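*Asks:* from the sequence below, what's the structure:
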Amino acid sequence: MQSLRRSGAHAGFIAAGLLALTACQSPSADSTAMSLQQKELLAYNEGAITALEGHLLKGIALAPERFDPEDDHDHEALIQQIRATATRYTDALQSIQASLQDGPCKSAQARYLVLEQQELGVINAMLDAFSDGDGTGAKAAAQSYKDLTSSAENQAIAQTYRETCGLSGF
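*Replies:* The predicted structure follows:
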């Protein structure tokens, strides 16, 4: 009898899990919201670019004012990886923007997309200076990046985006 109760409990948990999974996979009642797949795509790409940004900022902080980029293949590989990841991230953001229906999430995502494009522009300036062996220019661009990402306005845009589009758990 104990086994039957346990089996019944397990079946209940399995059924509850399947219902939750189905709810996650079914279309949202709100056609203006992001799908779970879009949220996962965004989280993956955002995590990748954020990790690489951290490596870039560390490399720039350690770089001398002037250096020969030909002597450092690690920097070259990092630069190529960041450029490719930034392209994938931008493509993901633009794809999500194009597929969202008009509504609060699309509006918040549009503002966030502009913000991210500004940040990626500064990242490209860091990468250009870094790939040219210009440590001073890379450090100046890195400071601009830090100023941009820490501004109250940009923090508010990002927070509104996360809240409006249900990204707080991602």
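*Asks:* pLDDT wise, what is the spatially most central residue of the chain at?
*Replies:* Geometric centre of the chain, nearest residue: residue 46, 1.4 Å, by CA atoms, centre = their mean. Listed pLDDT for residue 46 reads 91.
*Asks:* residue 58 now?
*Replies:* 92.
*Asks:* got the contact list for stretch 39-52?
*Replies:* 34, 78, 81-82, 85-86, 88-89, 92-93, 96, 165-167, 170 (CB atoms under 8 Å, 6 or more residues apart in numbering). All C-beta spots, glycine's among them, are computed from the backbone N, C-alpha and C.
*Asks:* run the last query once more with 10 Å
*Replies:* Stretch 39-52 has contacts (CB atoms under 10 Å, 6 or more residues apart in numbering) with 33-35, 78-79, 81-86, 88-93, 95-96, 109, 112, 116, 119-120, 123, 161, 165-167, 169-170.
*Asks:* using CSV, write out every CA atom in it.
*Replies:* Extracted in CSV, the C-alpha atoms of stretch 39-52 (Å, rounded to 0.1, in the frame of the first residue of the first chain):
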residue,chain,number,x,y,z
LYS,A,39,13.9,34.7,-23.4
GLU,A,40,16.4,31.8,-23.4
LEU,A,41,18.0,33.0,-26.6
LEU,A,42,18.4,36.5,-25.1
ALA,A,43,19.8,35.1,-21.8
TYR,A,44,22.3,32.9,-23.6
ASN,A,45,23.6,35.7,-25.9
GLU,A,46,23.6,38.3,-23.1
GLY,A,47,25.6,36.0,-20.8
ALA,A,48,28.1,35.2,-23.6
ILE,A,49,28.7,38.9,-24.5
THR,A,50,28.9,39.9,-20.8
ALA,A,51,31.5,37.3,-20.0
LEU,A,52,33.6,38.3,-23.0
